[in-house]
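Participant: have a look at this fold, sequence not included:
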């Protein structure tokens, strides 16, 4: 791991949170009532190139930032994104097997993050699962995030590894 | 490698435990305490950046929104498409500016209910995910905003302030399932309770309704936790109460949450229950049921 990888990753997370709360979402860009999960995508993208422990801390920090900038109790997004980060760390060596698997991974992890947030939110009295569009709010963002991943993952890899050839490698 | 993953596994479990503890403390303290301090600090850091990003991205977002509108109108106006196509690109930006100006003029001309003192604020950011039904505005305690203040726009009730910093405040929209609003049906003059269901219509419950509600009935605030007679929405489906059950139907809100830009905070209204923004629907249900009891 490069020395600058951790601060770079945190900077990317902050920029993603900024974009998520201003450019995307209700009242901004939100096709079909859903928007891409930019912060989740950046977490997946940076965690692939960090050592396991810093990777988990970045994922947790990203989640905490989402909680602080949103309307949900502290810890819910932290829980969801830490889980996404951990699974990414565990399974990142499979990224070698091809782009399709990477795309499916992004979709699955984004969906999982949203689902975990919804379930944890409901456990903590947020009524997240009472939203009639809750399935759309899990599937559509995962789809958009998967599409955006085609641009964000290689870009992040290039930035963190400073090596274009390694863009799709763990 | 195995040891590293072991350490990572331990850290993962630890972070999950921290997350659960944070959530528990934050829910139990009702958003106050350490959570409030952390939120205030983060918002203080992010608010200027969010304002900057919003001001830069707004024209782009407006442009994309404009394209979407043009696309939908095209289906309805096939005959005119060829004639207006060349002009649309030129007027699109001007229309967006005009719309914003009109909105600002409307909101400044808006008479607050009961002549309550009000301040104009602008939405600077959304929540952090599609599950959030909140907006952050660029006015805070420095401008007299406190928790519980109602927020309106030219269409009607927008929501209520549920977190405040020096120069920002968080508005929980009426579409949020956690926010409940005491309302009155202007046609029957009976009161009930409206709560959000996320995107889409609001849920209207009338626990003691003697008359049926009809399609198009105007629903306004009843003056309990919001100032009276603020427009909330119209009834979508007729309904009447069955013996032993509450009348339940849906209300189309007047506000367009996707188009919120300028709003007014009714700083002249004194919120009686500033902690009421947490889970009012349940609280109301309990109180209504207890009133209905023997």
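Facilitator: Noted; the coordinates are in hand. Remember, predicted model here, so these are calculated numbers, not experimental data. Numbering: from 1, shown residues only, chains lettered A, B, ... in the order given.
Participant: ok, which stretches of the stretch 51-200 of chain B are helices?
Facilitator: B:78-109 (DSSP state H, counting those that start in this stretch).
Participant: residues of it that sit close to chain A?
Facilitator: Residues of the stretch 51-200 of chain B that fall close to chain A, judged by C-beta under 8 Å from any C-beta of the partner chain: B:53-54, B:57, B:60-61, B:64, B:123-136, B:162, B:170, B:172, B:176-178, B:197-200. (Each C-beta comes from the backbone N, C-alpha and C, glycine too.)
Participant: quick one, phi psi at the most centrally placed residue in chain A?
Facilitator: For chain A, the residue nearest the mean C-alpha position is residue A:40 (1.1 Å; C-alpha atoms, centre = their mean). With angles defined as degrees, to the nearest 10, residue A:40 sits at phi -60, psi -40.
Participant: now residue B:166
Facilitator: Residue B:166 has phi and psi values of phi -60, psi -50 when expressed as degrees, to the nearest 10.
Participant: pull up the distance across stretch A:126-143, start to finish.
Facilitator: Start-to-end span of stretch A:126-143 (C-alpha to C-alpha, to the nearest Å) is 24 Å.
Participant: and stretch A:87-98, by the same measure?
Facilitator: End-to-end distance of stretch A:87-98: 18 Å, with C-alpha to C-alpha as the criterion.
Participant: anything in that stretch near chain B?
Facilitator: Yes - with C-beta under 8 Å from any C-beta as the criterion, chain B is reached by stretch A:87-98 at A:89, A:90.
Participant: which residues of the stretch 1-150 of chain B score low on pLDDT?
Facilitator: B:1-5, B:31, B:62, B:64-97, B:99-100, B:103-105, B:107-114 (pLDDT under 70).
Participant: all strands of it, in order?
Facilitator: Using DSSP state E, counting those that start in this stretch, the strands found in the stretch 1-150 of chain B span residues B:119-126, B:134-137, B:150-153.
Participant: out of those, nearest to residue A:78?
Facilitator: strand B:134-137 (18.0 Å; C-beta to C-beta).
Participant: list the helices and strands the closest one packs on?
Facilitator: Contact analysis of strand B:134-137 by 3 or more C-beta pairs under 8 Å, 6 or more residues apart in numbering or on different chains; DSSP states H and E lists helix B:34-76, strand B:119-126, strand B:156-164, strand B:169-173, strand B:262-265 as its packing neighbours.
Participant: ok, longest helix in chain A?
Facilitator: As assigned by DSSP state H, the longest helix anywhere in chain A is helix A:134-161.
Participant: tell me how far it lies from the chain's centre.
Facilitator: 7 Å (C-alpha atoms, centre = their mean, to the nearest Å).
Participant: tell me if it is near chain B.
Facilitator: Yes - judged by C-beta under 8 Å from any C-beta, helix A:134-161 and chain B are in contact via A:134, A:137, A:141.
Participant: the helix or strand harbouring residue A:100 vs helix A:134-161, what angle?
Facilitator: Assigned by DSSP states H and E, residue A:100 belongs to helix A:99-123. Here helix A:99-123 runs at an angle of 130 degrees relative to helix A:134-161 (axes from the mean of the first three to the mean of the last three C-alpha atoms, to 10 degrees).
Participant: re earlier: could I get the strands of the stretch 1-150 of chain B as TSV with mean neighbour count and distance to residue A:46?
Facilitator: Formatted as TSV, the strands of the stretch 1-150 of chain B follow (neighbours: other C-beta atoms under 10 Å in any protein chain shown; distance: least, C-beta to C-beta, whole Å):
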stretch	mean neighbour count	distance to residue A:46
strand B:119-126	22	23
strand B:134-137	27	26
strand B:150-153	25	37
